[in-house]
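Student: pasting a predicted model and its sequence here:
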Amino acid sequence: MSEAIVEVKNLCKSYRKIKAVDDISFKIYKGEIFGLVGPNGAGKTTAIECIEGLRKPDSGSLKVMDLNPTSNGRTLRNSIGIQLQESQLPARLKVWEAISLFSSFYKKNIESTPLLKELGLEEKKSSYFDKISGGQKQRLFIALALLNDPDLIFLDELTTGLDPQARRVTWNLIIDIRKRGKTIFLTTHFMEEAERLCDRVAIMDHGKIMALDTPQNLIRNISMETRLIFNITGSFELDTLKTIESISKYEKSGDNIIVHGHDKRMVKDTVNFLVNNNIDFHDLKTEQATLEDVFLTLTGKEIRN
Amino acid sequence: MKSLFRLTAVELKLYLREPMAAFFTLLYAPMLLFLFGFIYGNEPTPFFGNRGFIDSQLPAYMALIIVTVGLMSVPISTAEDRERGILKRFHSTPASPAIYLFANIFTYYIMSLMGVTLLFLVGRFIYHAQFEGNIFSILAGFTICALSFFSFGYMIASLAPTARTAQIIGMVIAFPMMFLSGAAMPIEVLGDKVTNISKYLPLTYVVRLMKGLWVGNSWAGHWLNLIVILGLLVAGAIISTLTFKWE
């Protein structure tokens, strides 16, 4: 593993009696995309804002790029990029004015013209902030987070409220940013986003980290069953599937036959069985666990507000 | 320094792009001057101490500009910047919070000064208003009064939980005060009851100071006005510093 750029040890932060962040510890390594995922109200934003130095933790130790963000916040913010959840700019501020203004806040600046071009904002340069789309606003906030050429970038709920196209465009931008050797710390409640983008994911709920690993390992470790779904032409006696040991459960749902199994051999066994018995099956697909399943397994499925 | 300069330029532009704020700061007072000038003219009468209506009321309209900017523009836009997360966005850069404060105070000051200048020019060239005071003296008086009411406005912005309440508090304080202090209507026509009430309104002291400096009074006769105005400045500054929130 490479060098840690962020070190969080036993971070705690409460608001009145609610423990928003309850003793979390983790490290982020140079060059990775690290995701903090969890339902709304899990404490993700409080955690990220403590790490950015915008909030004062109750206890615990923080080290970000060798600085203590709580006491050296302004120095630190010169070398990091921040995108805040739900932030806005003045309605009648033009895109280029925002860029020029925020550039002046930093010691180091990158060229803004190529940046605007890369983010697809060049044509909107002279538009007012309240006249650009949600996706363009988010890209402008990405631009503001990149103006000082930071090595570490914080993105808090970047794609919330964006339509699927805009979300995909944003994902590609994040991947591009990482290719330049930047480290990215993002929070999201979209599991698909975390699974696609993140090298490592920490699942957070009720202020605690429930699991931290690569998305692949997290999925592998929850030992979710695999489902095999297929259709059969003609008649088929469902209970003949009983003979296959690796199947744990089978059912019929409309035209679909769904078999469940924890064993890796289940798919092979079932297909062999169908072929050997000359059963005419079609539309066969398998369903495996996703990060969302991991998430639901860890955080429970009840609805919360 | 570069960031202070750019933020100030941006804030000035934003102010002018907000039609309501620009209207109340720049055009409202000259408009009143036209309106009442049309009705009363500017003939000297014993009622206004052998001065005309415009001669007498023009400096009071300066107080009107100060109160509109101080109690409406300052609290509304500050609370709105906070509510929309704009303050927090600035706060997440290395820029010092002082930059935001200086750039905004400077903007409000310049805008009020432009309003007062416009008012002065309209009064002087259209109604031949007599100015018997010293230009530097009245500029100094205007500056102190403006800063004092800006400080009052920041106090409202700090104490109000939302932009909406900041707006309501600002208006509830500003509107009756405008009419009861002699800023909008000459105190001479308002009668004894109002004159009694006006003693409890800080704007009255601004009106008195501006009117006094306009006719060439020395500062020595205005120590009470000055104490009230400076007291408000200090109180507002202390309370807003202690209670101001970035989000």
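Tutor: Noted; the coordinates are in hand. Numbers count the residues shown, from 1 in each chain, chains lettered A, B, ... in the order given.

Student: what comes up buried for the longest helix along chain B?
Tutor: For chain B, the helix reaching the highest residue count under DSSP state H is reported as helix B:97-126. Of the residues in helix B:97-126, B:99-100, B:103-105, B:107-109, B:111-116, B:118-120, B:122-123 count as buried by neighbour count, 16 or more other CB atoms under 10 Å in any protein chain shown. Heads up, the C-betas are built off the backbone N, CA and C, glycines and all.

Student: elements contacting that helix?
Tutor: helix B:2-17, helix B:28-40, helix B:53-68, helix B:74-83, helix B:86-91, helix B:135-159 (3 or more CB pairs under 8 Å, 6 or more residues apart in numbering or on different chains; DSSP states H and E).

Student: lowest average confidence across these, which one?
Tutor: Out of the helices and strands packed on helix B:97-126, helix B:28-40 stands lowest, with a mean of 90 (criterion: mean pLDDT).

Student: centre of the chain to that helix, how far?
Tutor: Distance of helix B:28-40 from the chain centroid (CA atoms, centre = their mean, to the nearest Å) equals 18 Å.

Student: taking helix B:97-126 as reference, get the angle to it.
Tutor: Orientation check (axes from the mean of the first three to the mean of the last three CA atoms, to 10 degrees): helix B:28-40 against helix B:97-126 gives 20 degrees.

Student: what parts of chain A come near chain B?
Tutor: Residues of chain A lying close to chain B (CB under 8 Å from any CB of the partner chain) are A:52, A:54, A:74-75, A:77-78, A:82, A:84, A:86-90, A:92-93, A:97, A:100-102, A:104-107, A:144.

Student: if any of those residues are buried, put those into a ChimeraX selection.
Tutor: To isolate in ChimeraX the members of the residues of chain A next to chain B that are buried, counting by 16+ other CB under 10 Å, one can use:
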select /A:52,54,77,82,84,87,88,89,90,92,93,97,100,101,102,104,105,106,144
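
Student: looking at the residues of chain A next to chain B, which are in strands?
Tutor: Within the residues of chain A next to chain B, residues falling in strands by DSSP state E are A:Ile82.

Student: now, the residues of chain A next to chain B that are in helices?
Tutor: A:74-75, A:77, A:97, A:100-102, A:144.

Student: report the two of those separated the most.
Tutor: Farthest pair in those (CB to CB) is A:Thr75 and A:Glu97. Separation: 26.4 Å.

Student: how close does B:Pro97 get to B:Ala146?
Tutor: According to CB to CB, to the nearest Å, B:Pro97 and B:Ala146 sit 21 Å apart.

Student: do B:Lys199 as well
Tutor: Distance from B:Lys199 to B:Ala146, by CB to CB: 22 Å.

Student: before we move on, what about A:Val95?
Tutor: Using CB to CB, one obtains 33 Å as the distance from A:Val95 to B:Ala146.

Student: and A:Ile232, by the same measure?
Tutor: Counting by CB to CB - A:Ile232 and B:Ala146 are separated by 84 Å.

Student: out of these two, which sits in the busier spot?
Tutor: Relative neighbour count places B:Ala146 above the other of A:Ile232 and B:Ala146, with 27 against 17, counting by other CB atoms under 10 Å in any protein chain shown.

Student: for the stretch 201-305 of chain A, which residue gets nearest to chain B?
Tutor: Chain B sits closest to A:Gly207 of the stretch 201-305 of chain A, with a gap of 20.0 Å, by CB to the nearest CB.

Student: I'd assumed A:Lys19 was in contact with that residue.
Tutor: Yes: counting by CB atoms under 8 Å, A:Gly207 touches A:Lys19, with 4.9 Å between them.

Student: more crowded one of the two?
Tutor: Legend: neighbour count by other CB under 10 Å for A:Gly207 and A:Lys19, higher for A:Gly207 (23 against 16).

Student: and the pLDDT for the more buried one?
Tutor: 93.

Student: now it. Nearest residue, chain neighbours left out?
Tutor: The shortest distance from A:Gly207 to any non-neighbouring residue, by CB to CB, 6 or more residues apart in numbering or on different chains, is to A:Asp22 (3.5 Å).

Student: give me the beta-bridge partners of the one you found?
Tutor: A:Cys12 (DSSP bridges).

Student: that one and A:His206 touch, don't they?
Tutor: Yes: A:Asp22 is within contact range of A:His206, at 7.0 Å (criterion: CB under 8 Å).

Student: if I look at the spatially most central residue of chain B, how far off is chain A?
Tutor: Geometric centre of chain B, nearest residue: B:Ile66, 0.8 Å, by CA atoms, centre = their mean. B:Ile66 sits 24 Å away from chain A, going by CB to the nearest CB, to the nearest Å.

Student: which ones are touching that residue?
Tutor: B:112, B:142, B:145-146, B:149, B:206 (CB atoms under 8 Å, 6 or more residues apart in numbering or on different chains).

Student: give me the local confidence score for residue 113.
Tutor: As the question left the chain open, I've gone with chain A. For A:Thr113, the predicted pLDDT is 93.

Student: please refer instead to chain B.
Tutor: 96.

Student: at the contact with chain A, which residues of chain B appear?
Tutor: Residues of chain B lying near chain A by CB under 8 Å from any CB: B:2-3, B:5-7, B:10, B:13-14, B:17-18, B:81, B:84-86, B:88-96.

Student: of the residues you listed, grab the buried ones for ChimeraX.
Tutor: Of the residues of chain B next to chain A, the buried ones can be selected in ChimeraX as follows, counting by 16+ other CB under 10 Å:
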select /B:3,6,7,10,13,14,18,81,84,85,86,88,89,90,91,92,93,94,95
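
Student: quick one: what helix or strand has the residue nearest the centre of chain A in it?
Tutor: Note on chain A: the residue nearest the mean C-alpha position is A:Ala194, at 2.8 Å, using CA atoms, centre = their mean. If you go by DSSP states H and E, A:Ala194 is part of helix A:191-197.

Student: contacts for that helix next, please.
Tutor: Helix A:191-197 is touched from outside by A:33, A:35, A:37, A:159, A:167, A:171, A:174-175, A:186, A:188, A:201, A:215, A:290-292, A:294-295, with contacts defined as CB under 8 Å, 6+ apart.

Student: residues of it that come out buried?
Tutor: For helix A:191-197, a neighbour-count test (16+ other CB under 10 Å) marks A:191, A:193-197 as buried.

Student: distance to A:Ser2 and pLDDT added to these, as JSON lines?
Tutor: Shown next, in JSON lines, are these (distance: CB to CB, whole Å; pLDDT from 0 to 100):
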{"residue": "A:Met191", "distance to A:Ser2": "26", "pLDDT": "86"}
{"residue": "A:Glu193", "distance to A:Ser2": "24", "pLDDT": "91"}
{"residue": "A:Ala194", "distance to A:Ser2": "21", "pLDDT": "92"}
{"residue": "A:Glu195", "distance to A:Ser2": "22", "pLDDT": "90"}
{"residue": "A:Arg196", "distance to A:Ser2": "22", "pLDDT": "92"}
{"residue": "A:Leu197", "distance to A:Ser2": "19", "pLDDT": "94"}
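
Student: got the buried residues for stretch B:20-34?
Tutor: B:21-22, B:24-26, B:28-30, B:32-33.

Student: distance between it and the chain's centre?
Tutor: So, by CA atoms, centre = their mean, the centroid of stretch B:20-34 is 12 Å from its chain's centroid.

Student: end to end, how far does that stretch reach?
Tutor: 19 Å (CA to CA, to the nearest Å).
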